[in-house]
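Visitor: I'd like to go over a predicted model; first the sequence, then the structure.
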Amino acid sequence: MNFYAWRGAISLFALFASLAQAAPISVKDEAGHTLTLAAPAKRVISLAPSLTEMLFEAGGGGTLVGAVEYSDYPPEALKAPRIGSNRTLDLERIARLKPELALVWMHGNAQREIERLAALKIPMFYVEPHGIKEIPDALVRIGRLVGTEKTANEAARRFREHYAELRARYAGRPPVRVFYQIADRPLLTVNRQQIISDVIGLCGGINVFGREKLLVPELSTESVVAARPEAILTARLGEDGQGATRAMNEASLRTWLAFKDLPAVKHGQLWLIPGSQISRHGPRILAGAEAVCTALEEARRAK
C-alpha cells in the first residue's frame, strides 16, 4: 500500500473512531425511562450508598463528584463531597458540582427532594435491583453511562459466577426457618420482596414472614415465637468485620433468650450479619450471603 493509501486508511479509521465517540448513549432505567446522553458522563453524583458501590464496581469511581451520607465503601468514596442524605439534598452544593448524571435510588430517595433535583435539569438515572440476579445488569447499565463498559461487564460476569456457585452449593440443602430482625423496637422484619429475603432463599432458608404484605412489617413478639424460627439473624451495625458472628449476648436479640423452647434459642442459633453487606442492594450482597449461608449451615448441624 502506497503512502496516499495509508493516509486514506488512517483518515477513515479516525473518522469512524470519532463517529463512535460521538454516538449518543441510550439506557433504560428501573422507572421505564430511557436516558440518552450525548457522551459518557464524567461528573456523577450518587444518591445512595449502594449506588456509590455499584459505580465504583462498574469502573466509574473516578467520575464521582458527590455522594450522600453513609457512602463509605470503597474507602475512596469518602473523598467525594457529601451532598445530603436520602431524605434531604443540598441542592446548592449539587449545582456547584455541575454533575452530568445523578444516580437515583428509585424508592429510597424522598420524592420531594427528587422533584427539587429535577428542577436543576440534571440527567437522572433510576436504579433499584429488586433481587440479587438484577444487580449484574445494573452494573452493566451504569458502566455504559460512564463509559466503562469493559470493566462493568467483567464485574457483572464475576458477580454472576459467584452467585451461581452459591446457588449450586446451597440449593439442595435442608431448609431452615429464618427470622430476620431489622429492629427490635419496634420489632421489624422483611417480606419476600426485600432483597434480604432473596439472600435467605439463596442459602436454602425460608423467611418465616415472607408472605407478609408490607415490605417491612411490624410484628409482635408472640408472632415470632409462634413462627418457630430455627435461626434468628440481625445486622451488625458499624464495622462489618468478617462473616457471621454468633450473638447469644447481643442486646437487640436478648428478648428471645426468655423463650428457651424456641428452636433458634434452644440450639444457640442467634447470629449477627455484616450490616452494609446484607442491607445494600449492591455488589457486596454476595459477601453478606456468604455470612448468612454460614449461619444457616450451623443451624442445620444443630438440629
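Guide: On my side now, so go ahead.
Visitor: does Glu297 sit in a helix, a strand or a coil?
Guide: Here Glu297 takes the helix state, with states given by DSSP: H, G, I helix; E, B strand; the rest coil.
Visitor: Chain neighbours aside, what residue packs nearest to it?
Guide: Nearest in space to Glu297, with sequence neighbours left out and distances taken as C-beta to C-beta, 6 or more residues apart in numbering, is Arg173 at 7.5 Å. From N, CA and C alone the C-beta is placed, and that goes for glycine too.
Visitor: And that neighbour, how far from Glu222?
Guide: Here the distance between Arg173 and Glu222 works out to 30 Å (C-beta to C-beta, to the nearest Å).
Visitor: Please apply the same query to Leu101.
Guide: 49 Å.
Visitor: between Arg173 and Glu222, who's got more neighbours?
Guide: Here Arg173 and Glu222 are compared on neighbour count by other C-beta atoms under 10 Å; more neighbours surround Arg173, at 14 against 8.
Visitor: The stretch 101-250 of the chain: strands as residue ranges?
Guide: Secondary structure of the stretch 101-250 of the chain, counting by DSSP state E, counting those that start in this stretch: strands at 101-105, 124-127, 176-181, 183-184, 187-188, 205-207, 231-236, 245-246.
Visitor: what would those strands look like in CSV with mean pLDDT, distance to Gln277 and mean neighbour count?
Guide: What follows is those, written out as CSV (pLDDT from 0 to 100; distance: least, C-beta to C-beta, whole Å; neighbours: other C-beta atoms under 10 Å):
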stretch, mean pLDDT, distance to Gln277, mean neighbour count
strand 101-105, 95, 17, 25
strand 124-127, 95, 18, 23
strand 176-181, 98, 14, 25
strand 183-184, 95, 18, 14
strand 187-188, 97, 19, 16
strand 205-207, 98, 16, 22
strand 231-236, 95, 9, 24
strand 245-246, 92, 13, 14
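Visitor: can you put those in CSV and add distance to Gly61?
Guide: Converted to CSV, the strands of the stretch 101-250 of the chain look like this (distance: least, C-beta to C-beta, whole Å):
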stretch, distance to Gly61
strand 101-105, 12
strand 124-127, 16
strand 176-181, 31
strand 183-184, 32
strand 187-188, 33
strand 205-207, 33
strand 231-236, 25
strand 245-246, 30
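Visitor: Of all those strands, which one is nearest Arg169?
Guide: strand 205-207 (13.5 Å; C-beta to C-beta).
Visitor: Direction included, what does that closest one pair against?
Guide: strand 176-181 (parallel) (DSSP bridges).
Visitor: tell me how far the strand it pairs with is from the chain's mean position?
Guide: Averaged C-alpha coordinates place strand 176-181 at 21 Å from its chain's average position (C-alpha atoms, centre = their mean, to the nearest Å).
Visitor: Now do that strand: everything it contacts.
Guide: Defining contact as C-beta atoms under 8 Å, 6 or more residues apart in numbering, one finds that strand 176-181 is touched by 187-190, 196-197, 200, 203-209, 224, 227-234, 252-253, 263-264, 296, 299-300.
Visitor: Now for the residue lying closest to Ile142 once chain neighbours are set aside: which residues touch it?
Guide: Counting by C-beta to C-beta, 6+ apart, Ile142 lies nearest to Ala58, which is 4.5 Å off, once chain neighbours are set aside. Residues in contact with Ala58, defined by C-beta under 8 Å, 6+ apart, are Leu139, Val140, Ile142, Gly143, Val146, Thr148, Thr151, Ala152, Ala155.
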